[in-house]
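**Student:** sequence first, then the predicted structure, then my questions.
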Amino acid sequence: NAGVTQTPKFQVLKTGQSMTLQCAQDMNHEYMSWYRQDPGMGLRLIHYSVGAGITDQGEVPNGYNVSRSTTEDFPLRLLSAAPSQTSVYFCASSTSARNTIYFGEGSWLTVV
Amino acid sequence: AQSVTQPDIHITVSEGASLELRCNYSYGATPYLFWYVQSPGQGLQLLLKYFSGDTLVQGIKGFEAEFKRSQSSFNLRKPSVHWSDAAEYFCAVGAPLDSSYKLIFGSGTRLLVRP
């Protein structure tokens, strides 16, 4: 059982470039989320989804897009990367039945 | 506004000593409370959670936490720390309705363990 899988693990982007962080889960969880982790600030919610076709904004959504076409996948798109988006990104999934959030191992993104 | 405060950025303890990590929250009602641990280069792992009932909660790896409503606190404790406990610890809160996907995290406490 792979759990929550994020790719890529490391990425360097130039300012203005776009990219997609991939997230997949194999636990049939209905809920999925993206968080970013910055030094001294803990994790902050970017976007979340409560099911296929349903997404909503979290605390820091600007500059990011998401979609949820399947239960398994929840990609995070950076439209035009900025240095302020240099961060560690975590994808997470959960189910209401257990109320436990499972996190991926993170994607380290540097924007230069 | 909802918030979580972890007042200690770093804590150093000797192996075998007891540990207490502090967490205070600001929330309109009684939230669901969580402690997560993050080892270097890894994702977060749930240690324990509190929803209701007994205010002393047992978790994995010998950790426990006590919910004190009057102090808006949810401190994490362990009676005897092992070197493998060195990691970063995050306290988090969520609303009962959506804590399965929306959590507010504290800024974390990094635990260092002296041999």
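**Tutor:** Right, received. Where do you want to start?

**Student:** can you count the residues close to residue A:75?
**Tutor:** Neighbour count of residue A:75, defined by other CB atoms under 10 Å in any protein chain shown: 17. Backbone N, C-alpha and C define where each C-beta goes, glycine included.

**Student:** do the same with residue A:89
**Tutor:** By other CB under 10 Å, neighbour count at residue A:89 equals 23.

**Student:** bridging residues for it?
**Tutor:** residue A:36, residue A:107 (DSSP bridges).

**Student:** ok, it - contacts?
**Tutor:** For residue A:89, the contacting residues are A:6, A:21, A:34, A:35, A:36, A:37, A:46, A:76, A:106, A:107, A:109, by CB atoms under 8 Å, 6 or more residues apart in numbering or on different chains.

**Student:** ok, the fifth one touching residue A:42?
**Tutor:** It refers to residue A:36. No: counting by CB atoms under 8 Å, residue A:36 does not reach residue A:42; the two are 10.0 Å apart.

**Student:** just give the closest residue to residue 12, not the sequence neighbours.
**Tutor:** No chain was given, so I picked chain A. residue A:110 (4.8 Å; CB to CB, 6 or more residues apart in numbering or on different chains).

**Student:** you answered for a different chain; I wanted chain B.
**Tutor:** In space, residue B:12 is closest to residue B:112, 4.3 Å off (CB to CB, 6+ apart).

**Student:** which helix or which strand is home to that neighbour?
**Tutor:** Taking DSSP states H and E as the criterion, residue B:112 maps to strand B:109-114.

**Student:** that strand packs against which elements?
**Tutor:** In terms of contacts (3 or more CB pairs under 8 Å, 6 or more residues apart in numbering or on different chains; DSSP states H and E), strand B:109-114 is packed against strand B:10-14, strand B:19-21, strand B:87-94.

**Student:** that strand vs strand B:10-14, what angle?
**Tutor:** Per axes from the mean of the first three to the mean of the last three CA atoms, to 10 degrees, the angle that strand B:109-114 makes with strand B:10-14 is 30 degrees.

**Student:** tell me the buried residues in strand B:109-114?
**Tutor:** Neighbour-count burial for strand B:109-114 flags B:109, B:111, B:113 (criterion: 16 or more other CB atoms under 10 Å in any protein chain shown).

**Student:** state the mean pLDDT of that strand.
**Tutor:** Mean pLDDT, strand B:109-114: 96.

**Student:** before we move on, the earlier item: from residue A:106, how far off is the residue nearest to residue B:12?
**Tutor:** 21 Å (CB to CB, to the nearest Å).

**Student:** next: residue A:69.
**Tutor:** Taking CB to CB, one finds residue A:69 at 23 Å from residue A:106.

**Student:** pLDDT-wise, which helix or strand of chain A ranks last?
**Tutor:** strand A:102-103 (a mean of 92; mean pLDDT, DSSP states H and E).

**Student:** show me which residues of chain A sit near chain B.
**Tutor:** Residues of chain A lying near chain B by CB under 8 Å from any CB of the partner chain: A:4, A:31-33, A:35, A:40-45, A:48-50, A:58, A:90, A:92, A:94-96, A:99-101, A:103-106.
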